[in-house]
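Student: Sharing a model prediction with you, sequence too.
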Amino acid sequence: LSKFHDTLKIDCPSHIGRNCESIESRNMTKHEFCCEYIFNFCPENSHHRGYVTEKLFDSCFACNIPIYSGCIDHEKSIFNMDRVIFIDDFKNTESINNAIEKVKYLLENEEELLKFYNQNIFNETSLLEIQNYTLTFDNMMDHCMNRVICSKE
């Protein structure tokens with residue numbers, strides 16, 4: 001980490017913890033902003049089973065190494081969790097320290113960083129899983145629309 005000491009920083013443009021200009025004031029998209037970084041800390045807003053947001057996807061599409069915290073029930077079926085630095089619980093000091101140590105290790109060892117980074121971010125069955133989610137969503141929408149239409153008749 002010492003060779004990165006002068007350039008290593010954590011930028012947080014969100015309303016909570018803001019320490020730099022907002023993404024909007026930079027006239028950037030979230031994707032453009034994230035693409036400038038190696039790591040992306042992406043905690044979920046909720047840790048409830050079944051809750052999935054865009055944060056992990058955003059990090060992957062920006063070619064970051066995600067530092068992720070959330071309920072990973074669904075994400076495990078899509079993402080290669082060996083390519084994600086995972087914090088299982090913010091109340092678990094060991095989990096946080098493990099994530100910090102992993103980041104330090106990767107930054108101090110360029111070969112290991114590249115090896116970690118070059119892993120496939122998605123599982124082999126990711127496309128099938130996403131198609132299943134889409135089909136389930138479409139079926140739910142059809143069911144809801146049919147109920148609305150039937151109730152008006």
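Tutor: That came through fine.
Student: next structured bit after the helix or strand harbouring K102?
Tutor: Taking DSSP states H and E as the definition, K102 sits inside helix 93-108. Remark: after helix 93-108, the chain's next helix or strand is helix 110-117, criterion DSSP H and E.
Student: Report all helices and strands that that next one contacts.
Tutor: helix 93-108 (3 or more CB pairs under 8 Å, 6 or more residues apart in numbering; DSSP states H and E). Placement of C-beta: from N, CA and C, glycine included.
Student: Quick one: distance of the helix it packs on to the chain centre.
Tutor: 17 Å (CA atoms, centre = their mean, to the nearest Å).
Student: Show me what that helix is packed against.
Tutor: So helix 93-108, by 3+ CB pairs under 8 Å, 6+ apart, packs with strand 65-69, strand 85-86, helix 110-117.
Student: where does the spatially most central residue of the chain land in three-state SS?
Tutor: What sits nearest the mean C-alpha location of the chain, by CA atoms, centre = their mean, is L56, with 1.9 Å. What DSSP: H, G, I helix; E, B strand; the rest coil gives for L56 is helix.
Student: separation between it and L106?
Tutor: As judged by CB to CB, to the nearest Å, L56 and L106 stand 18 Å apart.
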